[in-house]
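Q: Requesting a structural model of the entry that follows:
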Amino acid sequence: MLKLIHLTSGKEFDFPNESDVMTIGRADTNQVAIDDPHVSALHGQIICRETGYCFQDLNSTNGSAVVHQGKKTLIDNTMAAGFRLGPGDQILLGSDTEPVVLEVIGITESVQPDKPIATMVATQQMASAEIVGGRIESVGGTLVPFLAFTEDLARALTTEDAFLVYSACLKVVGPHATTINLVDLAQGIPRVIFSMPEKSRLPACNGFNDQPLENELTIVENGPKQGQTARLPMRLDNDHLLYVLLATSRKDFISTELDSISLATNLLAARLRQLHLVSELQSARARLAVKNRYLQKRAQGRASHTMIGDSPAMLALREQIQKVALSDATVLISGPSGSGKELVAREIHRLSTRHSDIFAALNCGALVDSLLEPELFGCKKGAYTGANRDREGLFEVAHEGTLFLDEIGDMSPALQVKLLRVLESHEITPVGSTRSRRVNVRVLAATHRDLNKEVANGSFREDLFYRINVFPIQVPTLTERREDIGLLARYFLDKFAQESGSNVHDISDSAMRVLASQAYPGNIRQLANIIQRAILLASDQPRIVPEHLAIAEDNLVGQAVGSVKPGKLKEQMGEIEKALIIQTLKNTNANRTHAARQLGITRQALLGKLNRYGIK
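A: Numbering: from 1, shown residues only. Got it, this is the predicted structure:
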């Protein structure tokens, strides 16, 4: 028996008698539920072993420690057996400065010193069902009960149903088996998942080898006049091992009874493998359904995912994309908002060997940590409030494909650590889970921030920066590719006119000159908005003219360009030069020295132009 107390709240927790595991974490589904932001949803667990109660950390975000006799020991996942607890020990969870403290205030050892330790008495290879069946018949036994057992197993749709059918069969073919446990050996930790009678527990390790060998039946003697326990392992797949523990009321097992139990266990193992494969197929089907929804959603706007332009800046950008597309290198795409960073990422994916698989995109700055983590890595049912089902994260959804992480510079330091681990190990751990899953995903990242400065001021991890900055790409601003404004404007005109059913189908030369002279701090997104608004203002007119562009009133240069009429070049350029000087003086609060510096001329030259154009 174990009793804990939460020192802050004074709340006490008793180790559940019907279980051999007590979980600790922030989720309400834990036996020890702790409402603290620094504690993970499934932070750790206490396991009842024959040697005592042991605490394990389950890959928590902020870690755990145990204070034993004044000495603090950090607990990590390398301590597979856990830390054995004693009276007065303190378990520290979460924050280093203000951890949650659970103190052991009562403990009864699970194995008494005077209790005899079980000893292994025999091992043998488990024979196939055909061989065991032949042995049973050779001694006058019958296989009739197994025919009914096989039919009942075929109707069992869950592991629990199959175990109940197995238990019923053993009452006939192995009547001296008093207690039956089905044990899961996930991550090397034995856990009883079903038992008959219900809630009965047999020692999972006492007297046995540390790890059961595949197809090896092992028998131990529990002690004087306490009978024997047999262990029969079952392999589900390369990573998953179960075994059955059976206790007999006799002094020892009868060989014919063991043969019958072995045959029943072989048949159970075959059915459990089938159910395991069905579960895997259902999971794969669910993943495909999620991918299909993503692909359909992306396909709806596929026409808009086109890189437009033939300016020198765009030609250089395309050359960079072609160089990196066929590799699996991580790419960091930098550029101001609205410059088309996601389009660059999509083009890399389209030209890559992963183009037939999914492209998933996520804006890291749009979600808080509590939502961003499950969105990336997935979650288990009950991991947090509202997690009413298992959910795959985008790393799993994009398996074999590409994941685009936009605005990665907005990611918190805590999630930066987890992302770095995934990029290095190619394994993700869903929120609330203790099992890692391998993923094969190419990661493309983007940001509008200067990550070199972010690293220097400590807001972005240096190791993560070097991990994602394998191949940097700088997306040019629209100002740096003015030659493409005409192509882009006509592209957006066709796109928005078709979507709205508008009759506008052209842009006048004067309107195009205004667009070409505009400043675009919002880049391509700003140009798209201007064209969309112009289509609405043009109403039923066939073309866009300068009046439809809603140019800001203080953009005098744009207005001057738009109002240019046919005439001599010198006169028209004079009007534009005059507008440019007036605009610059306005921007510099009439400071002539600063205005001359911005215009790239001397102050004396500026004074001469002011006199020529009559500018006061």
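Q: only C-alpha atoms for contact and neighbour calcs from this point on.
A: OK.
Q: which stretches of the stretch 151-300 of the chain form helices?
A: Secondary structure of the stretch 151-300 of the chain (DSSP state H, counting those that start in this stretch): helices at 159-173, 255-300.
Q: pLDDT score for residue 279?
A: Here the pLDDT value assigned to residue 279 is 82.
Q: Equivalent analysis for residue 422, please.
A: 92.
Q: Please apply the same query to residue 142.
A: For residue 142, pLDDT reads 68.
Q: lowest-confidence helix or strand of the chain?
A: Across the helices and strands of the chain, mean confidence by mean pLDDT, DSSP states H and E is lowest for helix 556-562: a mean of 51.
Q: per-domain residue ranges of the protein.
A: Annotated domains of the chain cover 2-107, 119-277, 301-474, 481-613 [automatic domain parsing].
Q: Compare these and give me the one nearest residue 288.
A: domain 301-474 (8.2 Å; Cα to Cα).
Q: How far away from the center of its chain is the closest one?
A: Taking Cα atoms, centre = their mean, to the nearest Å, one finds the center of domain 301-474 at 11 Å from the center of the full chain.
Q: thinking again about what came up before, weakest of the domains of the chain in terms of mean pLDDT?
A: domain 119-277 has the lowest average pLDDT among the domains of the chain, namely a mean of 72.
Q: can you pull out the helices in the stretch 501-616 of the chain?
A: 509-517, 523-538, 556-562, 569-587, 592-599, 603-613.
Q: can you list these in a markdown table and add distance to residue 281 and mean neighbour count?
A: Shown next, in a markdown table, are the helices of the stretch 501-616 of the chain (distance: least, Cα to Cα, whole Å; neighbours: other Cα atoms under 10 Å):
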| stretch | distance to residue 281 | mean neighbour count |
| --- | --- | --- |
| helix 509-517 | 55 | 20 |
| helix 523-538 | 43 | 19 |
| helix 556-562 | 62 | 22 |
| helix 569-587 | 65 | 16 |
| helix 592-599 | 66 | 17 |
| helix 603-613 | 77 | 13 |
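Q: okay, these in JSON lines with distance to residue 248 next?
A: JSON lines is the format used below for those (distance: least, Cα to Cα, whole Å):
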{"stretch": "helix 509-517", "distance to residue 248": "89"}
{"stretch": "helix 523-538", "distance to residue 248": "76"}
{"stretch": "helix 556-562", "distance to residue 248": "94"}
{"stretch": "helix 569-587", "distance to residue 248": "94"}
{"stretch": "helix 592-599", "distance to residue 248": "95"}
{"stretch": "helix 603-613", "distance to residue 248": "105"}
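Q: can you tell me which of those comes nearest to residue 227?
A: That would be helix 523-538 among the helices of the stretch 501-616 of the chain, by Cα to Cα, at 78.4 Å.
Q: Residue 435: which of the helices of the stretch 151-300 of the chain is closest?
A: By Cα to Cα (comparing all of the helices of the stretch 151-300 of the chain), the closest turns out to be helix 255-300, at 15.4 Å.
Q: by contact count, what packs against the closest one?
A: Secondary-structure packing of helix 255-300 (3 or more Cα pairs under 8 Å, 6 or more residues apart in numbering; DSSP states H and E): helix 129-138, helix 144-155, helix 159-173, strand 228-237, helix 394-397.
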